[in-house]
Each structure stands twice: as C-alpha cells, then as structure tokens.
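sequence-free structure coming up:
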Ligand code: GLA
C-alpha cells in the first residue's frame with residue numbers, strides 16, 4: 001500500500017520516499033515531512049517550529065496557531081499568511097479569505113486523471129483525495145495526491161468545487177504549496193531564449209523570493225516549468241534534491257522563499273498574473289498537476305525517475321515504446337523554397353543511406369512561400385507540390401520513405417482565406433492594433449468553432465494521403481488577449497481556457513490518427529514541458545542545431561526530460577544559426593542522444609559525407625534501445641568549461657551490463673593534460689571492456705577512478721565509448 005491513513009495522519013510512500021501530512025486539532029491539513037523513506041511514525045511534530053509564537057502574525061482566536069507559521073498543504077492569501085500562498089479567492093459578497101478545514105478523504109485505486117488536462121497515469125498507482133471545506137462557505141477543495149511508487153513520483157492537483165449558490169472568483173489557484181521547516185536550499189532552473197533553451201542556473205533560495213514564470217501563454221523559451229530545489233551541497237550523485245515539474249504548457253509560476261522564521265516555502269501552478277476565474281455554482285475548477293520526485297542521491301537519480309515516469313506513464317500511444325523512424329526534415333535544407341521534385345530527390349538520396357521518413361516542413365499550404373502568409377489555410381498548394389499531396393506522398397513512399405508533414409494549427413496570417421472569412425478568430429483587443437510576431441497572430445482556441453474549423457482542415461489533409469508523422473508547431477506566443485466569445489468579466493480566464501482548448505484539439509487530432517507520430521515544436525523548444533509530452537512523445541528541442549550549443553541545450557533539458565523526447569538532428573556546416581564548423585561525427589554523436597535525424601539537403605552532401613551519415617544511422621540503430629530506454633547520466637557539465645575540456649554523458653542498460661558514453665571537447669590546445677572520465681551506473685563487481693579493448697576494468701574502478709580519454713588534435717572532437725561486459 002503506497003497510501004497509509006492512520007487517524008488523520010496521511011502517509012504517501014514510494015520506493016524510496018515518504019510524504020506525510022496530518023490534520024491538526026483545528027482541522028487544518030498540515031505538511032509534516034517529505035524526503036527519504038521512513039518506517040511509519042507520526043511525524044507531525046516536524047510541521048511547525050517549536051516555541052514560535054505569533055511574532056507579529058495574526059493567530060486564530062483562543063489559540064496560538066498562526067497561518068503564517070504553519071506548513072499548510074493549501075496555503076491561503078488573506079487570513080494572516082504573509083508568505084507566498086497557493087490560493088486566493090473572492091466570495092460572491094466581495095469578501096476574501098478562506099479557511100479550508102478537513103471534511104473527508106478517500107483512497108482510490110490507480111492514479112487519478114484530470115478533466116481536460118494532461119496528467120501522469122497508471123493503474124499500478126494510487127490516489128488519495130483529501131477534501132477540505134471552507135469554514136464559512138460551501139466551497140470544497142479536493143486535494144488530489146497521486147503516487148507512482150516505482151518512480152518515486154508524487155503528484156498533486158486541486159479541484160475547487162463551488163457548492164454555494166453564487167459565483168466565486170479565483171484570483172490564484174496554484175497546484176503546490178510545499179514547506180520545509182529546516183534546511184538551506186538552492187534552486188536549479190532552466191532559463192533561455194529562442195535557439196538557447198534550458199540553460200542551467202543555480203541560485204540560493206533566500207529571503208528574496210526566487211521566481212521562474214511565464215506569461216507567454218506557453219511555457220516558453222525563457223523559463224521551463226521545471227525546477228530542482230536541493231541542498232546547497234547537492235551534486236549529480238550526492239545530496240537531497242526535489243524535482244518540481246508542472247504538467248502544463250501555459251502561463252506558470254514556480255516561486256520559493258525563505259520566511260521570517262527560516263522556513264522555506266515553494267509554490268507552483270498557473271501564473272496568477274492575467275488570471276481570474278469565475279466559478280459558477282456547482283462548477284469545479286481543476287488545477288494542472290505538479291509532479292514531484294525526491295532523490296536522496298543527487299540529480300542523476302532524480303532525472304532517471306522522471307525519465308522513466310515520463311516514458312512509461314506520461315507519454316502515450318503507439319510510439320511511446322516503439323522504435324521511431326530516422327527522419328530527414330527539409331527545413332534547413334530548403335526553407336520555403338521547394339517543390340515535389342526537390343522533396344522526392346531528397347527522399348531518393350536519403351533512402352540510400354537508411355533514412356526512413358521525410359518531413360515536409362513549413363510552406364506546403366495556401367500560397368505560403370515566406371512567413372507572411374497562409375497560416376490557417378490548411379489546404380495543399382498543388383502548384384508548389386506539382387500535384388496532389390497524395391501523389392507526392394506516393395512518390396516519396398515509392399522511394400522507400402514514409403512521409404511527414406508540418407502544421408501550425410494555433411496560428412493565423414492576416415494574408416489568409418481564414419482571416420478574410422473570420423477576422424474575429426484571432427486574438428485582438430478591440431480598439432487596439434494587435435502586435436504581429438513573425439508576421440502572424442494566434443487563433444482564439446477558447447472557441448469551439450475555431451477548433452472545429454482547424455480540426456476539419458487537418459483531418460481532411462491527414463486523410464488525403466499516407467501520412468506517418470506530424471510536426472505541430474507554434475511560432476509565436478500570446479499577446480493582445482481578448483476573446484469576442486467570452487464575456488468581459490471573464491476575460492481573465494482566456495490564458496487557461498486557451499490551453500484547455502489546445503489540449504482538447506490535440507486530444508482530438510491524436511486520437512483520430514493513432515498511427516501518426518506527433519512531434520511538438522514551438523520555435524524549437526519553446527513549449528517543451530510535461531503537458532505537451534502527454535499528447536506528443538517527442539519535441540523539437542531547439543531551432544539551434546549546432547552540436548556545441550546543443551550540448552548545453554540537451555544537457556539542461558535532460559534534468560527532467562528523457563533523451564527519447566528530444567528531437568535532435570544533424571545539420572550542415574557552417575551552421576545556419578551561428579556559422580560554427582564542427583566535425584560530422586560530433587554532430588552525429590550529439591544527435592544520438594536524442595531522436596537522431598537529419599536537417600539538411602542530402603542531395604548536396606558529398607559521397608564521403610553520405611557514407612558517414614549512413615554509418616551513423618546504422619550505429620544509432622545498433623544502440624537504439626540502450627540510448628532510448630537506458631538510464632541516462634550527466635558526467636561532465638558543459639556549463640563549467642573551466643573544470644574540463646569535455647562535456648560528457650552516458651547511458652547504461654537497466655541491468656548495468658552495457659553502457660555508451662559520449663564525450664565532446666570544445667577546443668584543441670597545444671598542450672593538454674589527459675583526463676580521466678568516471679562512469680556511473682555500472683555493476684561495481686563486474687569486469688568491463690571499452691570499445692572491445694584488451695584491457696578490462698572493474699566497474700568500481702570505472703566509476704571511482706575512470707578511464708583515460710582519447711585525445712584528438714582538432715576542434716570539437718567527439719568520441720563514443722561502448723562499455724560491455726568482459
Ligand atoms: C519553427 C520550427 C522550425 C521550422 C520553422 C518553420 O521555427 O522550430 O523547425 O519548422 O518553424 O517555419
């Protein structure tokens with residue numbers, strides 16, 4: 001049993017962790033403990049600091065209890081908790097504040113799902129629902145806790161139910177409030193920009209609130225809805241670390257601060273900025289879920305648990321575990337300048353070296369030859385494709401390749417048939433000129449008729465030909481928010497309703513075409529989050545395809561997301577983004593630790609280059625299971641180049657018998673000290689060989705001493721080391 005209830009003490013146990021709460025004498029649900037697994041005992045003494053009294057914070061009459069000192073599972077603004085809080089609402093009579101107290105609880109078999117929102121799933125899991133009720137009004141808070149013991153994964157979501165006879169307004173409805181009464185913590189977060197996603201930054205959590213957030217209507221490139229809160233001395237393989245991942249793709253906030261009594265609180269959920277939700281009588285509001293993983297063995301273990309949970313219990317569909325095709329995408333090869341003959345010639349050359357699928361990227365629809373037109377017009381430009389889509393697909397299939405296609409379902413160009421017919425379908429604020437971004441606008445996905453219109457068009461295209469893959473792009477984020485279909489007093493619901501609309505459309509399209517592999521994209525990795533992964537099992541990690549910049553991008557991404565979800569392609573040099581020249585092997589090796597594909601004009605490659613790519617495809621396929629389903633370890637960080645000349649990472653089979661390590665060096669120096677690379681995840685007592693060497697190494701030696709890295713005297717060399725049992 002993962003969930004134990006003893007009187008009013010609630011304990012959630014995973015393989016290696018324990019989370020405990022209790023209801024105190026006032027009926028308040030308090031957090032007692034989250035961390036390393038313990039035998040059952042009452043840990044409620046840990047939920048508040050001994051000896052503290054009000055210290056300028058209000059207390060509940062006749063008691064010494066102050067909301068401001070307590071570790072409340074649902075922390076509320078307005079009644080004396082002056083810290084970060086997770087809930088703020090206004091009742092029908094204009095009064096604020098809320099006092100949720102214990103009402104009931106139940107345990108459900110299996111992990112809960114959330115209406116209209118993505119969530120981890122699993123019949124093997126368990127769910128605890130603790131229902132709280134406001135003391136004064138008939139407002140209920142169903143606190144959902146999901147437990148997937150195998151991955152040390154604990155999820156939380158809140159369902160707010162308005163049983164009053166009037167509307168209430170939610171001003172803030174976060175998914176998580178988590179308190180630590182002791183300890184000093186760092187926050188690791190992943191900031192970035194277009195072409196520079198998920199750059200690791202580590203900061204101390206202090207009395208100054210540390211916040212990562214998005215108001216883009218998408219999780220965005222600037223911050224990722226995932227952080228690690230860890231001991232200040234935690235490393236890859238040492239110390240306590242708490243992962244906090246939002247299963248949501250819209251506006252979010254994750255915030256942490258140390259309070260006046262040196263306790264740390266972390267809150268996470270939908271960003272309250274731009275959010276106000278009116279809840280009708282008998283209606284419910286579901287928060288997105290937050291997925292927590294605790295590791296007492298540093299970040300490596302934490303990442304592995306997220307990777308397994310995401311691969312097995314978040315991603316869905318046929319391609320969750322199946323081998324995905326090696327694809328070639330024509331974007332960097334041709335941009336908008338292509339026709340059917342060009343694509344078929346690429347398919348022909350690609351087939352000869354083992355590529356399995358050709359993706360026709362942006363520019364096949366309406367009259368789109370640049371980024372000014374036609375979004376929203378999802379009908380084939382038969383002039384450009386020199387005939388029907390099905391004819392083109394047949395020609396590509398005849399070359400031996402499957403066919404994939406690009407869509408940007410959420411956007412609209414002013415120069416489009418759709419805009420002419422329905423100018424009100426896009427977001428724009430009345431009396432203001434809406435701001436274009438990449439010359440385009442966002443469709444009002446809160447509206448069913450808009451979603452229907454896009455669905456019908458997509459369905460027609462997807463049914464018209466033998467399509468095996470879809471890239472679902474989103475190349476601008478939300479601004480100028482106003483919906484003609486939503487009353488003025490409910491405009492604060494748009495950002496969230498937008499996400500619900502997008503999720504609904506995604507569910508519809510992916511369910512209608514279960515045999516199609518979907519890849520998510522938003523100007524590269526501008527919406528790389530657990531929410532999107534529920535619908536689409538891989539994401540184009542970044543528009544930056546330079547192997548060296550990719551080291552940081554993929555390394556940062558790996559803290560939460562498995563390599564199997566990271567779209568990674570080999571492109572040409574000089575790189576189109578930064579003009580860097582890197583060896584083709586290095587580009588291949590980096591793309592192996594992702595989905596591996598090509599983003600280049602294969603017809604322009606030399607025979608030697610084609611042979612090298614052919615070798616890579618064969619090698620990638622050889623190591624496919626190891627890379628895609630093994631445990632992933634970060635060995636040397638690209639964020640600390642002063643510590644090593646290399647960036648290195650490694651995958652290890654679940655039984656520890658086989659591993660593949662990859663190194664990339666940044667520069668070539670005249671004199672260099674040789675470096676040892678320490679591996680991880682091996683069996684300490686078994687003997688291994690590296691790349692079939694004569695020499696054998698004990699697993700513990702490889703992990704504690706390491707092995708000598710080869711040195712290559714040219715720029716950006718990369719090596720793969722295949723470690724097998726001797
Ligand atoms: C985005 C994507 C690219 C490509 C272009 C097409 O930038 O990230 O891969 O699909 O759009 O316009």
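Noted; the coordinates are in hand. Here the structure is a predicted model, which means the values were calculated and not measured.

And the pLDDT at the residue of the stretch 1-150 of the chain found nearest the ligand?
Per Cβ to the nearest ligand atom, residue 118 is where the stretch 1-150 of the chain lies closest to the ligand, at 21.5 Å. To be clear about C-beta, it is placed using only N, CA and C from the backbone, and glycine gets the same treatment. Predicted confidence (pLDDT) for residue 118: 98.

Ok, residue 58 next?
pLDDT, residue 58: 89.

Checking my notes, it in a strand, right?
No: counting by DSSP: H, G, I helix; E, B strand; the rest coil, residue 58 is not part of a strand but coil.

residues contacting it?
66-68, 79-80 (Cβ atoms under 8 Å, 6 or more residues apart in numbering).

let's see 6 Å
The contact partners of residue 58, taken as Cβ atoms under 6 Å, 6 or more residues apart in numbering, are residue 80.

need the residues of the chain near the ligand, please.
Counting by Cβ under 6 Å from any ligand atom, the chain comes close to the ligand at 331, 361-362, 406, 473, 475, 521, 523-524, 540, 543.

again, only using 5 Å
331, 361-362, 521, 523-524, 543 (Cβ under 5 Å from any ligand atom).

Tell me how many other residues crowd the spatially closest residue to residue 361 that is not a sequence neighbour.
Distance criterion Cβ to Cβ, 6 or more residues apart in numbering; nearest residue to residue 361, sequence neighbours excluded, is residue 331 at 4.0 Å. Close neighbours of residue 331, defined as other Cβ atoms under 10 Å, add up to 23.

for the chain, longest helix please?
In the chain, ranked by residue count with DSSP state H as the criterion, the top helix is helix 494-512.

Go ahead and measure how far that one is from the middle of the chain.
Distance of helix 494-512 from the chain centroid (Cα atoms, centre = their mean, to the nearest Å) equals 17 Å.

same question, stretch 145-158
Centroid separation for stretch 145-158 versus its chain: 17 Å, with Cα atoms, centre = their mean.

follow-up on the earlier one: the residue nearest to residue 361 touches residue 359, doesn't it?
No: assessed by Cβ atoms under 6 Å, residue 331 is found out of contact with residue 359, at 8.0 Å.

three-state assignment of the residue of the chain found nearest the ligand?
Ranked by Cβ to the nearest ligand atom, the top residue of the chain for proximity to the ligand is residue 362, at 3.4 Å. Under three-state DSSP, the three-state class of residue 362 is coil.

quick one: contacts of stretch 384-396?
Stretch 384-396 has contacts (Cβ under 6 Å, 6+ apart) with 339-340, 344, 347, 358, 380, 403, 464-466.

For residue 703, pull up the helix or strand it's in.
Residue 703 is part of helix 699-704, with elements assigned from DSSP states H and E.

That helix - contacts with which helices or strands?
Here helix 699-704 touches no other helix or strand, going by 3 or more Cβ pairs under 6 Å, 6 or more residues apart in numbering; DSSP states H and E.

Run through the helices of the stretch 151-300 of the chain in chain order.
For the stretch 151-300 of the chain, helices defined by DSSP state H, counting those that start in this stretch occupy the ranges 298-313.

Show the model's pLDDT score for the residue nearest to the spatial centre of the chain.
Centroid-nearest residue in the chain: residue 529, 2.0 Å away (criterion: Cα atoms, centre = their mean). Residue 529 carries a pLDDT score of 98 in this model.
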